[in-house]
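A.B. asks: turn this into a structure:
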Amino acid sequence: MPIRAIVWDIDDTLFDYATADTTGMRAHLTTEGLLDDFGTAERALAHWKALTREHWARFEAGEADWEGQRRDRVRAFVRQREMDDATADAWFARYLTHYEAAWALFPDTVPALDTLADDYRHAVLSNSSLHNQDRKLRVLGVRDRFEAVLCAAELGVAKPDAAAFHAVCEQLALEPHEIAYVGDQPDTDARGATEAGLVGIWLDRAEIGGRPELVRITGLDQLPPLLARDTRFGAPDTFG
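C.D. replies: Prediction:
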């Protein structure tokens, strides 16, 4: 049966999260007077990203709620374990002002969505919150491209759990094998989708490679011709 819908990850797939996070945090730390605490901006940013990965993993594993993982990141970063929730929330809100000023889609996002618009239904499945991701898509001008936006914070389950992928299948009233899932993480996105019965596609923008068992593309311009063939893509690593 042909693929009838494409479900998308957002951060570092459609939206350049890494650049916005780096640019926003650099501006935030400068404003907060914290860069000198780490010696260099690069060291500060590396520490923030490491904490983001650590506490995001806790959220994905159900060990922390959405607000809690944010607050814990802030407390660990500024080394104030006793910081109350309101102060941590205010600190993160100030960071968000700088982060959101740097928001941008990848250059290939809109051309790919335009090319694929007429032939496939489109939806989003994100390991974030609906409040954040719905607003982000609206600010970036592409919310109307997607008939559904589902997020882990509201679902109560996160990728790569099969239940997260099956929730979007149910939302679209399609069988898993009728849906292609596109995301930047080889395990959380592509492998998780594949194991849930969807057609998982790894968007390897950094050209890391090394996962021959996964269907891999290195840019969204490669997605339309890949989907048009719809033969379950033959060899897993279609684009080398």
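
A.B. asks: where in this protein is pLDDT low?
C.D. replies: Applying pLDDT under 70 to the chain picks out residues 1, 230-240.

A.B. asks: the domain parsing of it - what is it?
C.D. replies: Annotated domains of the chain cover 5-16+104-229, 17-101 [automatic domain parsing].

A.B. asks: winner for burial among these?
C.D. replies: domain 5-16+104-229 (a mean of 19; mean count of other CB atoms under 10 Å). Quick note: C-beta positions are derived from backbone N, CA and C, even for glycine.

A.B. asks: report how far apart the opening and closing residues of it are.
C.D. replies: 15 Å (CA to CA, to the nearest Å).

A.B. asks: tell me the helices and strands packed up against the helix or strand containing residue 49.
C.D. replies: In this structure, residue 49 is located in helix 41-60 according to DSSP states H and E. On a contact count with 3 or more CB pairs under 8 Å, 6 or more residues apart in numbering; DSSP states H and E, helix 41-60 meets helix 17-32, helix 66-78.

A.B. asks: a markdown table for those helices, including distance to residue 131?
C.D. replies: Formatted as a markdown table, the helices and strands packed on helix 41-60 follow (distance: least, CB to CB, whole Å):
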| stretch | distance to residue 131 |
| --- | --- |
| helix 17-32 | 16 |
| helix 66-78 | 9 |
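
A.B. asks: for residue 144, find the nearest of those helices.
C.D. replies: Residue 144 lies closest, by CB to CB, to one member of these: helix 17-32, at 21.1 Å.

A.B. asks: check the offset of that closest one from the chain's centre.
C.D. replies: Here the centre of helix 17-32 is set off from its chain's centre by 18 Å, with CA atoms, centre = their mean, to the nearest Å.

A.B. asks: what ranges does this protein have for its helices?
C.D. replies: Remark: helices assigned in the chain by DSSP state H are 17-32, 41-60, 66-78, 85-101, 109-116, 130-139, 152-155, 162-172, 192-195, 223-229.
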